[in-house]
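S.K.: Have a look at this fold, sequence not included:
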């Protein structure tokens, strides 16, 4: 009952301080609000950005190994040695298909280059032409706005069929139904059989097919020299089989490719085995730095808030010196006086913290609508904001509370 009474009286005293000294209280609590706003605002922004980026990267597949010429990280070595590497080719893919026991699925695709496509009087320049093996659709789980992927016969015979991106379809056909229409590319006629769903608004979208023209690998082989050095990119994507670790898959792929390319034991690999975790580790450091910056800025703001709230509490102790003396004369224990002022300090900081959280919530909502980027204030960050407010309340109130608790009752009543 004593603790409950102390708690309720402390809350009443805190609100009395706010009412009786509004400007002083406002300026003092402003530091707490700004501090919480800085810390939680930056953490929320970084969390939203991180979720967006990592969600985008997940489209690459956490269980897929990408065999490429260039490494996704640690490419700071001998650039000349890297550029001399051969591009992964269809023969590498075929050997993996034949000899790999740990893979569940593999596909090979070639980024041929930029092409111009025409339909009637409309044309689209700079469309990215990709030639892929039949498994490409299953590997990357393509979503279709309209139409479909290649049938086995269309793929096998290299038919002049094409799957196009949403932006290509919208610009080229301009309101006309694209499925079944014939477009011209590189002097050939291609029937459009599918339109890939529009990519999302992710900041980083590694699987953005909006500006892509997808043809079968046999067709692309007849359309361009896929072994030319002017080919933009070639990649083999290999998905791990059930109950197979990424390390097992990488070890097997390394053995298969080194044997196929007849590399001697002392020779370095002339290919790179990349996976999602490589990129994720880079972003771990990046987002860690952003969080640290937000915390440092917030701590400086919180330091100002601590001094401000401590000032309020010292003034409160001075104003209530006589009351403190009477309470102690009537038998109030030191811990009761200490607790009373400590709780009052915490309540004041909580009020400032809640204002800071409301500011964060409002700014996030406005920014989300303005920049079409989903931002959010997580429950975890809200709890963190409340905890920081409580800690600041304890730090800023402990010295004034100790001063009040140690007062001599006679001296307090005399000077009060």
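M.R.: Received, thanks. Quick caveat, the model's predicted, so the values are computed rather than measured.

S.K.: okay, CA-based contacts and neighbour counts for the rest of this
M.R.: OK.

S.K.: In contact with residue 238: list those residues for me.
M.R.: Residues in contact with residue 238, defined by C-alpha atoms under 8 Å, 6 or more residues apart in numbering, are 64-67, 103-107.

S.K.: 10 Å instead, please
M.R.: 63-67, 93, 96-97, 100, 102-108, 139, 249-250, 253, 273 (C-alpha atoms under 10 Å, 6 or more residues apart in numbering).

S.K.: what sits opposite it in the beta ladder?
M.R.: residue 65, residue 106 (DSSP bridges).

S.K.: Just the buried residues from the contacts of residue 238, in ChimeraX please.
M.R.: The following ChimeraX line selects those of the contacts of residue 238 that are buried, judged by 16 or more other C-alpha atoms under 10 Å:
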select :63,64,65,66,67,93,96,97,100,102,103,104,105,106,107,108,139,249,250,253,273
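
S.K.: Filter the contacts of residue 238 down to the ones in strands?
M.R.: 64-67, 103-108, 273 (DSSP state E).

S.K.: and residue 379, how far is that from residue 356?
M.R.: The gap separating residue 379 from residue 356 is 15 Å, by C-alpha to C-alpha, to the nearest Å.

S.K.: Could you pull out the helices in this protein for me?
M.R.: For the chain, applying DSSP state H gives helices covering 2-20, 22-57, 79-83, 90-99, 136-140, 152-156, 166-173, 217-223, 246-260, 276-319, 321-329, 334-371, 379-405, 409-415.

S.K.: export the ones you listed to CSV and tack on distance to residue 180 and mean pLDDT?
M.R.: Shown next, in CSV, are these (distance: least, C-alpha to C-alpha, whole Å; pLDDT from 0 to 100):
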stretch, distance to residue 180, mean pLDDT
helix 2-20, 72, 71
helix 22-57, 32, 78
helix 79-83, 42, 78
helix 90-99, 30, 93
helix 136-140, 20, 90
helix 152-156, 14, 94
helix 166-173, 12, 92
helix 217-223, 18, 91
helix 246-260, 40, 93
helix 276-319, 37, 77
helix 321-329, 88, 77
helix 334-371, 37, 84
helix 379-405, 50, 87
helix 409-415, 93, 69
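
S.K.: Might you report the residue contacts of the residue nearest to the spatial centre of the chain?
M.R.: A centroid search over the chain (C-alpha atoms, centre = their mean) returns residue 50, at 1.6 Å, as the residue closest to the centre. Contact analysis of residue 50 by C-alpha under 10 Å, 6+ apart lists 44, 56, 283-284, 286-287.

S.K.: Among these, which one lies nearest to residue 396?
M.R.: residue 44 (25.9 Å; C-alpha to C-alpha).

S.K.: burial count for the closest one?
M.R.: 23 (other C-alpha atoms under 10 Å).

S.K.: Over to residue 83?
M.R.: 12.

S.K.: That one contacts residue 70, doesn't it?
M.R.: Yes - between residue 83 and residue 70 there is a contact under C-alpha atoms under 10 Å: 8.1 Å.
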